[in-house]
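Participant: Predicted model and sequence follow; I will ask about them next.
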Amino acid sequence: FRVMIVKKDGRPIGVRAAQINGRVIYLALQDEPETMNWYDAVKVGIPSKEELLAIAENFDEINRAFVRAGKKPLKKGWYWSSSELSSYTAWLALLGTSYLYDYSKNGKYNYVLPVLAL
């Protein structure tokens, strides 16, 4: 799988970052607030825990593409996934590794990574 910058009208709009279960994951280059609770994060379109793990596998290459597109690289930190563990908790992924952790959906210190999966 090749990580690449996605363009529209010659301007970078996203990064093709991973492929999982036949779906291609595109990361948005738009900036999002660094802290959101899970309920707000799912409204902007965040990846599942499996998709985040696929992104983590391509972390360095994705960051190089982000820099080529003129954006800041992803942080090595906790990112919300859309995957729920219970009605009170959801999965977080530590990008830069392949570690998952369950956390309260009301927590607000985690990063949000908008994606589109096609």
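Facilitator: That came through fine. Residues are numbered from 1 along each chain as shown.
Participant: how distant is stretch 108-118 from the center of its chain?
Facilitator: Offset of stretch 108-118 from its chain centre (CA atoms, centre = their mean, to the nearest Å): 4 Å.
Participant: and if you look at stretch 64-82?
Facilitator: On CA atoms, centre = their mean, the centre of stretch 64-82 falls 8 Å from that of its chain.
Participant: what comes up buried for it?
Facilitator: Of all the residues in stretch 64-82, those buried under the rule 16 or more other CB atoms under 10 Å are 65-66, 69, 71, 74, 78-82. For every residue, glycine as well, the C-beta is placed using N, CA and C.
Participant: same deal with stretch 103-118?
Facilitator: 103, 105, 107, 110-115.
Participant: May I ask which helix or strand of this structure has the lowest mean pLDDT?
Facilitator: Taking mean pLDDT, DSSP states H and E as the measure, the helix or strand of the chain with the lowest value is strand 115-117, at a mean of 71.
Participant: quick revisit: can you put the buried residues of stretch 64-82 in TSV and add pLDDT, distance to V42 and secondary structure?
Facilitator: Converted to TSV, the buried residues of stretch 64-82 look like this (pLDDT from 0 to 100; distance: CB to CB, whole Å; DSSP: H, G, I helix; E, B strand; the rest coil):
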residue	pLDDT	distance to V42	secondary structure
A65	91	25	helix
F66	89	23	helix
A69	88	25	coil
K71	87	23	coil
L74	87	19	coil
W78	89	16	strand
Y79	89	13	strand
W80	91	8	strand
S81	92	9	strand
S82	93	5	strand
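Participant: my read: F66 touches A17, true?
Facilitator: No. The pair F66 and A17 does not pass the contact test of CB atoms under 8 Å, sitting 9.4 Å apart.
Participant: Now for the two: what residues contact both?
Facilitator: Taking CB atoms under 8 Å, 6 or more residues apart in numbering as the contact rule, F66 and A17 both touch L27.
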